[in-house]
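*Asks:* Quick one, what's the 3D model for this:
(one chain, ligands or ions: 2)
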Amino acid sequence: MQQHDNLIGGQWTKGNAYSPNLNPSNLGDTIAEYTQGNATHVEAAVAAATAAFPAWATGSIQARSDALDKIGTEILARREELGTLLSREEGKTKAEGIGEATRAGQIFKFFAGECLRLSGETLPSVRPNIGVEITREPVGVVGLITPWNFPIAIPAWKIAPALAFGNCVVLKPADLVPGSSWALAEIISRSGIPAGVFNLVMGRGSVIGNALVNHPGIHAISFTGSVGVGRNIAIQCVTNHKKVQLEMGGKNPQVILDDADLNQAVELSVQSAFYSTGQRCTASSRLIVTEGIYPKFIAAMQERMAKIKVGDALAAGTDIGPVSSQSQLDQDLEYIAIGKGEGATLAAGGERLKLGTEGYYMSPALFSESIASMRINKEEIFGPVASVIRVKNYEEALATANDTEFGLSAGIATTSLKYATHFKRHSQAGMVMVNLPTAGVDYHVPFGGRKGSSYGPREQGKYAQEFFTTVKTAYTQA
Ligand SMILES: NC(=O)C1=CN([C@@H]2O[C@H](COP(=O)(O)OP(=O)(O)OC[C@H]3O[C@@H](n4cnc5c(N)ncnc54)[C@H](O)[C@@H]3O)[C@@H](O)[C@H]2O)C=CC1
Ligand SMILES: O=Cc1ccc(S(=O)(=O)O)cc1
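*Replies:* Ligands and ions are numbered 1, 2, ... in the order given. Below you'll find the model as predicted:
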């Protein structure tokens, strides 16, 4: 069995023990073993990053750009292999895995360009003969804590801007899916980036993540994951004067109006709710449907869902792979029981499936006759489970869509320009989709939400510089 180590100061470094990385489609398949670091590794990684920072922060932006471009080129050239690895460790289909690896390569190439575009401002002073320059400088050593559902894209979209703007990095990936991050670290280690600029420390969140968040040498934390962990990280960061950026949960609404194209509405609802096994923060789990189209919509969804093939993530023809872990599967099935107990009708799926290999399979589930106040419509499930809420009209649909503690993405299916325009303006979400699934975002524009979904500056696109740089205002007397 292959064993993979942490990358600290340019050296591959063993932890205390190794942990197997299991394929959720086939628990008999161990991908490799990955080291479990401890607080000493965090200490060493922060020390290496701190030592590397002055030269990296003030060094050639051409060298930074070239290195990021080289990383992006290699990821794109190996997208099939990297996508297969991530599909094997996370459980999304091979096509989704390759798509995600492609996104990671594109992100590095985008930020290779952004290195060269960091600009400031020059303003006249209100006092005579004085000039004012506003520049952006790197924040310092940043800790990046990533979840299991996008094993390469989320690390990429935090690492690439961090490095592009002159920061040094300690990455702590999700312990469930260390393989893709390790492969990315290996590519970065050969990119020409100096030792210590990028460090990888794998291991448990409560050990590695907690040590990073509380380390005085870390200047900023960018986190994606659950609401509970994110909120605690924010409290610790604020207490210790660290910058913090959080991407957390969603309970994203998909509104379907009477005038929608039914086939399109069904297709985008299936995509939003069930693809990637519903394990996307942008997935839609609340389908809010006006009463005129409601019966046709339920019938068409049942017909469409009967054609969805659940299976081994790597097998040809699979539409939806397994749930990523036993604990996530338990959570999903518990919400099926909760929904039934609350009086919603299970209109399709929601069953544990036994297939040819031992994996965490379940059929995608649709609840009908659900009420907005039910727990299944309030709490993030993070699995292939969606519920339909019947509403009278657009006004009630909008109010229901916004009636959530979250605000990541929201969608509307309609042929009415009036309602589409109104929804774009009045949805309380960070990302709004018209006649598109709530999931499925570009890599070069801002990503993030409102209310309980996100905290701090946006990720992605040119907006990423807001978090990964700090502003300096300089006054010069002529
Ligand atoms: N919004 C999103 O993209 C995601 C949301 N989730 C939600 O979170 C639930 C639980 O999934 P988990 O993987 O357990 O999420 P999590 O929030 O526990 O883990 C996310 C990352 O934080 C790290 N972490 C855990 N405890 C930490 C601590 N005390 N200090 C610092 N870092 C820590 C983890 O090791 C991982 O790298 C899911 O069921 C889902 O509802 C999970 C993954 C992604
Ligand atoms: O966080 C990374 C991420 C989140 C969502 C998506 S998409 O909505 O499935 O495009 C992609 C990457």
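*Asks:* burial measure for the residue in the stretch 1-150 of the chain positioned nearest to ligand 1, as a count.
*Replies:* Using Cβ to the nearest ligand atom, the single residue of the stretch 1-150 of the chain nearest to ligand 1 is P147, 3.3 Å away. (Glycine included, C-beta is placed from N, CA and C.) P147 is flanked by 23 other residues according to other Cβ atoms under 10 Å.
*Asks:* Same check on Y419?
*Replies:* Under the criterion other Cβ under 10 Å, the count of neighbours that Y419 has is 21.
*Asks:* before we move on, the earlier item: so what's the residue of the stretch 1-150 of the chain closest to ligand 1 up against?
*Replies:* P147 makes contacts with 154, 174, 224-226, as judged by Cβ atoms under 8 Å, 6 or more residues apart in numbering.
*Asks:* Close to ligand 1 as well: tell me which of these qualify.
*Replies:* Contacts with ligand 1 within those, as defined by Cβ under 6 Å from any ligand atom: 174, 224-226.
*Asks:* Please indicate which of the residues you listed are buried?
*Replies:* The neighbour-count criterion (16 or more other Cβ atoms under 10 Å) marks 174, 224-225 among the ones next to ligand 1 among the contacts of P147 as buried.
*Asks:* Quick one: those as a markdown table, columns for secondary structure and pLDDT too.
*Replies:* Shown next, in a markdown table, are those (DSSP: H, G, I helix; E, B strand; the rest coil; pLDDT from 0 to 100):
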| residue | secondary structure | pLDDT |
| --- | --- | --- |
| A174 | coil | 98 |
| T224 | strand | 98 |
| G225 | coil | 98 |
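*Asks:* which one of those residues sits closest to ligand 2?
*Replies:* T224 (5.9 Å).
*Asks:* Beta-bridge partners for that closest one, please?
*Replies:* E247 (DSSP bridges).
*Asks:* Confirm for me that it is in contact with I154.
*Replies:* Yes. With contact defined as Cβ atoms under 8 Å, T224 counts as touching I154 (5.4 Å).
*Asks:* Name the residues contacting each of these two.
*Replies:* Shared contacts of T224 and I154, defined by Cβ under 8 Å, 6+ apart, comprise 146-147.
*Asks:* got the contact list for F108?
*Replies:* Counting by Cβ under 8 Å, 6+ apart, F108 makes contact with 68-69, 71-72, 75, 156, 160.
*Asks:* ok now do the residue nearest in space to the middle of the chain, which residues does it touch?
*Replies:* Centroid-nearest residue in the chain, with Cα atoms, centre = their mean: I154, separated by 5.1 Å. For I154, the contacting residues are 146-147, 224, by Cβ under 8 Å, 6+ apart.
*Asks:* What backbone torsions are found at it?
*Replies:* Here is the backbone geometry of I154 (degrees, to the nearest 10): phi -70, psi -50.
*Asks:* Likewise for the one 3 residues further on?
*Replies:* Main-chain dihedrals, W157, degrees, to the nearest 10: phi -80, psi 0.
*Asks:* how about it, what does it touch?
*Replies:* Contact analysis of W157 by Cβ under 8 Å, 6+ apart lists 104, 107, 443, 447, 459-460, 464.
*Asks:* Just give the nearest non-adjacent residue to it, would you?
*Replies:* In space, and not counting its chain neighbours, W157 is closest to I107: 5.1 Å by Cβ to Cβ, 6 or more residues apart in numbering.
*Asks:* doesn't Y443 make contact with the one you found?
*Replies:* Yes. Taking Cβ under 8 Å as the definition, I107 is a contact partner of Y443 at 5.2 Å.
*Asks:* which of the two has more neighbours?
*Replies:* I107 (28 against 20).
*Asks:* Pull up the per-residue confidence for that one.
*Replies:* If you check I107, the pLDDT there is 98.
*Asks:* Just confirm it is within a helix.
*Replies:* Yes. Counting by DSSP: H, G, I helix; E, B strand; the rest coil, I107 is found in a helix.
*Asks:* For ligand 2, see how far away it is.
*Replies:* As defined by Cβ to the nearest ligand atom, to the nearest Å, I107 lies at a distance of 10 Å from ligand 2.
*Asks:* what does A95 give?
*Replies:* Look at A95 and ligand 2: by Cβ to the nearest ligand atom, they are 13 Å apart.
*Asks:* out of everything not next to it in sequence, what's closest to M202?
*Replies:* Nearest one to M202, counting by Cβ to Cβ, 6+ apart, is P178 at 4.7 Å.
*Asks:* list the contacts for the one you found?
*Replies:* Neighbouring residues of P178 by Cβ under 8 Å, 6+ apart: 4, 21, 34, 202.
*Asks:* The helix or strand encompassing F367 - contacts with which helices or strands?
*Replies:* Applying DSSP states H and E as the criterion places F367 in strand 365-370. Counting contacts by 3 or more Cβ pairs under 8 Å, 6 or more residues apart in numbering; DSSP states H and E, strand 365-370 is packed against helix 294-305, helix 326-342, strand 345-348, strand 385-391.
*Asks:* Contacts for it next, please.
*Replies:* 273, 298, 301-302, 305, 332, 336, 339, 342-350, 376-377, 384-390.
*Asks:* Just the buried ones from those?
*Replies:* Among those, those classed as buried by 16+ other Cβ under 10 Å are 273, 298, 301, 305, 332, 336, 339, 342, 344, 346-350, 376-377, 384-390.
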